[in-house]
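In: Output the structure for:
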Amino acid sequence: MPLRPETTKQIDTLVADTQSAGHVPSLIIGVVRDGSLAHLAAAGTQPPPDADLQYRIGSITKTMTAVLVMQERDAGRLALDDPLRRHLPEAAAAGAVTLRQLLGHAGGLQREPDGPWWERNEGVDLTTLLTGFTATKIAYPPHRFWHYSNLAYGLLGGALERLTGTPWAQLVRERVLSPLGLHRTTYAATEPFARGYVVHPWHDTLREEPRTDSLSMAPAGQLWSTITDLARWAAFLADPDPAVLAPATLDEMCAPVILSDLDSWRGGYGLGLQLTREGDRVHVGHGGSMPGYVATLAVHRPSRTGVVGFANSYGFRVGGIGALGHEILTLVLDAEPTPARPWSPAEAPAPAGLAPLTGRWWWMGTALDVSWDGATGELVGTLRGDRTSRYAPDGPDRWRGVSGIENGEVLTVLRDEGGRPVALDIATFVFTRTPDDEP
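Out: Now for the predicted structure:
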């Protein structure tokens, strides 16, 4: 869905101003709507950015590592509350720290592994990484505080490798990148790619940064990608391909594991995904950085709208790519409301016996309006006019909540001696046909 000209003009201006004020060699931002790239804004000349130019995505890699973990969970080969040591015995120093806690940066691990700064130096193998992992790397008791940890994702990658017998790089290529057509997302830089720089603060010269192989820390930040590919990944996070990950599993990944901002509750982490509150909306995604590169990914899932972006300098003179991404996403959501889906009449009448269940029911003077969705075969209950839950068949006169406030709860149809429905029992709250609760 194309954006309005006035919206694209604002985005182009923001990107141009940020590139200029931030002293960024090359900056590119893409807006994603309904599964495709709706607008591209670029600025800078070193090199001139385009949709097929690779940049390093840094910690956005973690979102893909998390999907691999969830695939293994869905296949029954691990549980999120398994301690790490169950799948990586050499990590016994982690104690009771679980996979769930590591995914959400709630395991209390320090941010980095032993040795020199891993992002700017050649990596070490898994054995060496584990040798340096001792009890001194536990900064806090698990789940007491949020503490971002690159080390956690190196260990998660090691656990995946041990569990599957397959190196992480092969796993992510076979299970995520290839199935989704992310053919320009690669382990190492593949031409054409933007060189990454540090911009000198006093005389604006460029120092090219090394392009390292992170080895055992690759699951935390190794990958390279393009705007075209990252837009496809944003579309996946908005509306996942069930062949790669069940939609319900991605919903689970977007639920908070821990708050990272206890003062204003504007930030948190799910299972591998960063959650950012902007006004009344929550953006799902992740930031990324490696020496010479920064990246952003933010998605508003209800509207299937996202922003992705890259720059090839390690830090901006003013602002940052993450803030720019969230600003542009908010701009698009405010200026480009999602069009309403056209209404169409039901193709067939409701099955026999369902009509008496529809209509208005009451509990303590509160109205519950029940309707039938022929497309899904579900009952739809709307409480007080705006709190909607859906129920799927779960046996004779029994329905199970599958979304909304009654998700997981049971709706039981109560009948009189003649078999006429007289009440709906929803988790012990009994709704009748009259406001005074009389059957």
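In: any idea how the protein splits into domains?
Out: Annotated domains of the chain cover 5-335, 355-432 [automatic domain parsing].
In: how far does the longest one sit from the chain's center?
Out: From the chain centre to the centre of domain 5-335 is a distance of 10 Å (CA atoms, centre = their mean, to the nearest Å).
In: re earlier: with mean pLDDT, distance to Ala348 and mean neighbour count added, can I get the domains of the chain in JSON lines?
Out: All C-beta atoms are positioned from the backbone trio N, CA, C, and that covers glycine. Putting the domains of the chain into JSON lines (pLDDT from 0 to 100; distance: least, CB to CB, whole Å; neighbours: other CB atoms under 10 Å) gives the following:
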{"stretch": "domain 5-335", "mean pLDDT": "95", "distance to Ala348": "26", "mean neighbour count": "19"}
{"stretch": "domain 355-432", "mean pLDDT": "94", "distance to Ala348": "6", "mean neighbour count": "15"}
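In: Turn the ones you listed into a markdown table, columns for distance to Ala346.
Out: A markdown table is the format used below for the domains of the chain (distance: least, CB to CB, whole Å):
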| stretch | distance to Ala346 |
| --- | --- |
| domain 5-335 | 24 |
| domain 355-432 | 5 |
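In: mind checking which of the ones you listed is nearest Pro345?
Out: Across these, the minimum distance to Pro345, taken as CB to CB, is reached by domain 355-432, at 9.7 Å.
In: how long is that closest one end to end?
Out: 15 Å (CA to CA, to the nearest Å).
In: what does stretch 391-408 give?
Out: 9 Å.
In: what's near enough to touch the nearest residue to Trp233 once chain neighbours are set aside?
Out: On the basis of CB to CB, 6 or more residues apart in numbering, the spatially nearest residue to Trp233 that is not a chain neighbour turns out to be Leu182, at 6.6 Å. Leu182 makes contact with 176, 225, 229, 232-233 under the criterion CB atoms under 8 Å, 6 or more residues apart in numbering.
In: who does the helix or strand harbouring Leu368 pair up with?
Out: Here Leu368, judged by DSSP states H and E, is contained in strand 366-373. Based on DSSP bridges, the pairing partners of strand 366-373 within the sheet are strand 359-363 (antiparallel), strand 378-383 (antiparallel).
In: For the longest one, give me every contacting residue.
Out: Okay, so that is strand 378-383. Contacts of strand 378-383 from elsewhere in the structure, counted by CB under 8 Å, 6+ apart, are 354, 357-358, 366-373, 388-392, 399, 402, 404-406, 411, 426.
In: packing partners for whatever helix or strand Gly325 lives in?
Out: In this assignment (DSSP H and E), Gly325 forms part of helix 321-335. The criterion is 3 or more CB pairs under 8 Å, 6 or more residues apart in numbering; DSSP states H and E, and the helices and strands that helix 321-335 contacts are helix 5-22, strand 26-33, strand 274-278, strand 281-290, strand 293-300, strand 305-311.
In: Identify whichever of the ones you listed lies nearest to Leu155.
Out: Shortest separation from Leu155 across these is recorded for strand 281-290, at 18.1 Å, computed as CB to CB.
In: tell me which strands and helices the closest one is in contact with?
Out: Going by 3+ CB pairs under 8 Å, 6+ apart, strand 281-290 lies up against helix 61-74, helix 218-221, helix 227-238, strand 274-278, strand 293-300, helix 321-335.
In: Can I get the contacts of Leu182 in a markdown table including distance to Thr205?
Out: As requested, the contacts of Leu182 are arranged in a markdown table below (distance: CB to CB, whole Å):
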| residue | distance to Thr205 |
| --- | --- |
| Val176 | 38 |
| Ser225 | 28 |
| Asp229 | 31 |
| Arg232 | 36 |
| Trp233 | 34 |
